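**Student:** coordinates only, sequence not included:
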């Protein structure tokens, strides 16, 4: 008889209970960072140990798991975490957004609108939106308690003073239900509007920083801005080179050493699905074609 | 000593806990929706199977449990299966098993957290006669697209008033779970409750 060397989904039951209690309090206090006793995982900090622990605590044998890294299903982080749960929990995995019941993500929200039966788990490096403004946890705790968020606005204002516009393009701070200011993890600000009133439950796990937080479905999430400098997302001047999609978030791919480049969908599933449906883009730039002056605009 | 405290735990602790937690997580994420916790736990009366499943899934040595009424069998059952201690200290209790018809004016004695740590608050389990067929209440707030109606039977008098006061204290507050038979309905502190 062979016994498994570890529990279902790797974590022991007491750890799961502790994480599960933190998740419930996180849901009850949207945007508030619940401390939890983060465990060492068989992967280094920075590889999504917070997200992995949250996923391990909620995962059941009937779940279908999708893991993305910057929108892609086929990069190292996504492949290894998917394989980790396929091995330790024997769950079904998919790359199709629509088929997944749990989506663990590093720094993107899929282009396809999430559904009510889905849960998205974000990997978070620094959960505290005030951390680079105030290094002491004791102080940031008090600031959250007192709803003292003036510093965040000063930071955004300094962007305007220096650059003429709000230059923060990722991990763009949001306010949740008019109360807690929250770091949405380093998703591009392009994805911020998808956080607002999402039908899916959104969970955030920070392993090194030992924090879990949550956004229940249909929670109001507002990106911070000013009346005269309203929040805007990135726009791209050209469609995806592979599937001709517009209105999606793009990756810039350098194609040669003479300035050749192309912009392709960051969400690989979205791009592949569109290509299957017959959409094709302009493809690779011609060799020697001069560097395009068109760039992603940050405003 | 009877064996009732030994029987009635999760048949498969790992998957039973997971199923009970996921049902409760969905209930917290969508206040007003009813979680099905059937065929999981059989605690000694008067504790309901739903309350039993929730405690088996979430309570352990780190979470003292407060029992509002004398239920020796259920208390021993929770202690045996989870290792949680039964406490009489209302402030340290993380889970509170209320009595049916509990006087809700007294719920403010349980932990509501602090400004820095509002998560250090109690989760209250309130047994009610049924989750359907009672007076209609309209819910709104996070987790609810517009509004949703619930109609639990046997809520204590002054319930809406106490819950409104709890809501007003956000982010501090307790979180409440209504339990009836093998069903549960969560009312986290964010939920606004209006009497129709």
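**Tutor:** Thanks, I have it. Just so it is clear, the structure is predicted and the values come from calculations on it, not from any experiment.
**Student:** helix, strand or coil for the residue of the stretch 51-200 of chain A found nearest chain B?
**Tutor:** Among all residues of the stretch 51-200 of chain A, residue A:145 sits closest to chain B, at 3.3 Å; criterion: Cβ to the nearest Cβ. Yep, even glycine has a C-beta here, placed from its N, CA and C like the rest. For residue A:145, the assignment made with DSSP: H, G, I helix; E, B strand; the rest coil gives helix.
**Student:** what sits closest to it if chain neighbours are left out?
**Tutor:** Take residue A:145 and drop its neighbours on the chain: the residue closest to it by Cβ to Cβ, 6 or more residues apart in numbering or on different chains is residue B:115, 3.3 Å away.
**Student:** test my guess that the one you found contacts residue A:146.
**Tutor:** Yes: counting by Cβ atoms under 8 Å, residue A:146 is a contact partner of residue B:115 at 7.2 Å.
**Student:** who has more neighbours out of those two?
**Tutor:** residue B:115 (13 against 10; other Cβ atoms under 10 Å in any protein chain shown).
**Student:** ok, now which ones touch that one?
**Tutor:** Counting by Cβ atoms under 8 Å, 6 or more residues apart in numbering or on different chains, residue B:115 touches A:142, A:145-146, B:171-172.
**Student:** next: residue A:279.
**Tutor:** By Cβ under 8 Å, 6+ apart, the contact set of residue A:279 is A:243-245.
**Student:** got it, and residue A:85?
**Tutor:** By Cβ under 8 Å, 6+ apart, the neighbours of residue A:85 are A:9, A:55-56, A:59, A:65, A:67, A:91, A:93.
**Student:** please report phi then psi for residue B:141.
**Tutor:** Main-chain dihedrals, residue B:141, degrees, to the nearest 10: phi 130, psi -180.
**Student:** in the chain, where's the longest helix?
**Tutor:** Just so you know, I chose chain A. Taking DSSP state H as the assignment, the helix of chain A that covers the most residues is helix A:13-28.
**Student:** hmm, I had chain B in mind actually
**Tutor:** helix B:13-29.
**Student:** and the residue of chain B closest to chain A?
**Tutor:** As assessed by Cβ to the nearest Cβ, chain A sits closest to residue B:115 within chain B, at 3.3 Å.
**Student:** need phi/psi at that residue.
**Tutor:** Torsion angles, degrees, to the nearest 10, at residue B:115: phi -60, psi -40.
**Student:** helices of chain B, start to end?
**Tutor:** For chain B, applying DSSP H gives helices covering B:13-29, B:49-58, B:72-82, B:159-168.
**Student:** which non-adjacent residue is nearest residue A:110?
**Tutor:** With Cβ to Cβ, 6+ apart as the criterion, residue A:110 has its nearest non-adjacent residue at 4.4 Å, and that residue is residue A:97.
**Student:** and that neighbour, what is it in contact with?
**Tutor:** Residue A:97 sits next to A:66, A:103, A:110-112, A:114, A:267, A:269-270 when contact means Cβ under 8 Å, 6+ apart.
**Student:** just the buried residues of those residues.
**Tutor:** Applying a neighbour-count criterion of 16 or more other Cβ atoms under 10 Å in any protein chain shown, the buried members of the contacts of residue A:97 are A:66, A:103, A:110-111, A:114, A:267, A:269-270.
**Student:** just put these in CSV and tack on secondary structure.
**Tutor:** Output for the buried ones among the contacts of residue A:97, formatted as CSV (three-state DSSP):
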residue, secondary structure
A:66, strand
A:103, strand
A:110, coil
A:111, coil
A:114, coil
A:267, coil
A:269, helix
A:270, helix
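**Student:** tell me how many other residues crowd the closest residue to residue B:128 other than its chain neighbours.
**Tutor:** Of all residues not flanking residue B:128 in the chain, residue B:154 sits nearest, at 4.5 Å (Cβ to Cβ, 6+ apart). As a burial measure, residue B:154 scores 16 neighbours (other Cβ under 10 Å).
**Student:** list the residues that contact residue B:154.
**Tutor:** By Cβ under 8 Å, 6+ apart, the neighbours of residue B:154 are B:100-101, B:128-130, B:134.
**Student:** give me the pLDDT value at it.
**Tutor:** In this model, residue B:154 is scored at 95, pLDDT.
**Student:** do the one 4 residues further on as well
**Tutor:** The predicted local distance difference test score for residue B:158 is 95.
**Student:** do a quick rundown of the helices in the stretch 101-250 of chain A.
**Tutor:** A:137-146, A:150-163, A:192-195 (DSSP state H, counting those that start in this stretch).
**Student:** JSON lines please, covering those and showing distance to residue B:56 and mean pLDDT.
**Tutor:** Shown next, in JSON lines, are the helices of the stretch 101-250 of chain A (distance: least, Cβ to Cβ, whole Å; pLDDT from 0 to 100):
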{"stretch": "helix A:137-146", "distance to residue B:56": "33", "mean pLDDT": "97"}
{"stretch": "helix A:150-163", "distance to residue B:56": "42", "mean pLDDT": "96"}
{"stretch": "helix A:192-195", "distance to residue B:56": "34", "mean pLDDT": "98"}
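**Student:** next one: the residue nearest to the spatial centre of chain B from residue B:52, what distance?
**Tutor:** Closest residue to the average C-alpha location of chain B: residue B:125 at 2.4 Å, with Cα atoms, centre = their mean. Between residue B:125 and residue B:52 the computed distance is 10 Å (Cβ to Cβ, to the nearest Å).
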